[in-house]
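1. Predicted model and sequence follow; I will ask about them next.
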Amino acid sequence: NLLGFMLLGLSPYIQTFLSPYIHQHKYSWGDTSTIRGFTKHFLREEYGTFQLYSGNINDKSNLTDKLILYGERLMSDTLYLAPIAIIGVFVSLLPCFRQRGKNIGLFIVIVYLIYVLGFFQLTNLPLHSPLHLGVMLRFFMQPNAMVCMWMGIGIAYIESTFILSSSSSSSTLIRKHCWFAHLLAICSLQIFLNYNMMNQYTNDHFKKYAEAIIE
């Protein structure tokens, strides 16, 4: 099943191969209508297969620097709640230790480690460059999605084990929606802290781009 889902994830490349026959584009990333052209595009041979940066080798950053950067950004982006994800990891792995069978939690942990250790090593971008740093930060979103999932599992475990079980005097409604109150508080705090930085109300890049095309 996992192999089937992996192949399904690669299915958009079928469109890349068929697109030249369906639509003729004036500009493209190369001729993908042939097997050779498709493999050249798929393997990114112009930039270096399994390498993101093809510039001066002396400018490339090492894995340790990228892991430190990832850890710092992860802590700040999650309001320093990321350690709760450790609890979520253990909770998701419990069925694997108890039943010694198939466990999706173990698979997700392995995928996370492969991405962080393997893919970060391949994203050999110079972190001192603001442009390349911005590109590097985009690749943090995928592992952060897993961390946020583990954080949710960890928070739910803490609430069910320590908070809800001990709050016998609380009303049933409050106890039932305790998780939602915490979620709302975290999201509201994120909006409050980052609204000014993320506000794109005055961003007119698309307008200028459209005007340049028309002119």
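-> Noted; the coordinates are in hand. Residues are numbered from 1 along each chain as shown.
2. Quick one: classify the spatially most central residue of the chain as helix, strand or coil.
-> When C-alpha atoms, centre = their mean is applied to the chain, the residue found nearest the centroid is residue 142 (1.3 Å). Reduced to three states with DSSP: H, G, I helix; E, B strand; the rest coil, the structure at residue 142 is helix.
3. Identify the residues contacting it.
-> Contact partners of residue 142, counting by C-beta atoms under 8 Å, 6 or more residues apart in numbering, are residue 115. Using the backbone N, CA and C atoms, a C-beta is placed for each residue, glycine as well.
4. Would you check how far apart it and residue 114 are?
-> Counting by C-beta to C-beta, to the nearest Å, the separation of residue 142 from residue 114 is 11 Å.
5. now residue 7
-> Noted for residue 7: a distance of 18 Å to residue 114, by C-beta to C-beta.
6. just for this protein, where's the confidence low?
-> Judged against pLDDT under 70, the low-scoring parts of the chain cover residues 24-29, 47-50, 54-60, 99-102, 163-176.
7. Between the two ends of stretch 21-41, how far is it?
-> Using C-alpha to C-alpha, to the nearest Å, one end of stretch 21-41 lies 16 Å from the other.
8. Just the buried residues of it, please?
-> With burial defined by 16 or more other C-beta atoms under 10 Å, the residues of stretch 21-41 counted as buried are 32, 37-38, 40-41.
9. Quick one: distance of it to the chain centre.
-> Mean-position distance between stretch 21-41 and its chain equals 28 Å (C-alpha atoms, centre = their mean, to the nearest Å).
10. ok, and what's touching that stretch?
-> So stretch 21-41 is in contact with 13, 16-17, 19-20, 46, going by C-beta under 8 Å, 6+ apart.
11. and which of the buried residues of stretch 21-41 is nearest residue 192?
-> Distance to residue 192, by C-beta to C-beta, is smallest for residue 41 among those, at 43.6 Å.
12. how close does that closest one sit to residue 67?
-> From residue 41 to residue 67 the distance is 30 Å (C-beta to C-beta).
13. Same question for residue 93.
-> If you measure residue 93 against residue 67 using C-beta to C-beta, the figure is 22 Å.
14. Longest helix in the protein, by number of residues?
-> When the chain is scanned for its longest helix (criterion: DSSP state H), the result is helix 178-198.
15. Grab the CA positions of the next helix or strand after it and hand them over as PDB.
-> Beyond helix 178-198 on the C-terminal side, the first helix or strand identified by DSSP states H and E is helix 205-214. C-alpha atoms of helix 205-214 as PDB (Å, rounded to 0.1, in the frame of the first residue of the first chain):
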ATOM      1  CA  HIS A 205       4.100  42.700  -6.800                       C
ATOM      2  CA  PHE A 206       1.400  40.900  -8.900                       C
ATOM      3  CA  LYS A 207       0.000  44.300 -10.000                       C
ATOM      4  CA  LYS A 208       3.400  45.500 -11.200                       C
ATOM      5  CA  TYR A 209       4.000  42.200 -12.900                       C
ATOM      6  CA  ALA A 210       0.700  42.400 -14.800                       C
ATOM      7  CA  GLU A 211       1.300  46.000 -15.800                       C
ATOM      8  CA  ALA A 212       4.700  45.000 -17.100                       C
ATOM      9  CA  ILE A 213       3.200  42.300 -19.300                       C
ATOM     10  CA  ILE A 214       0.500  44.700 -20.600                       C
END
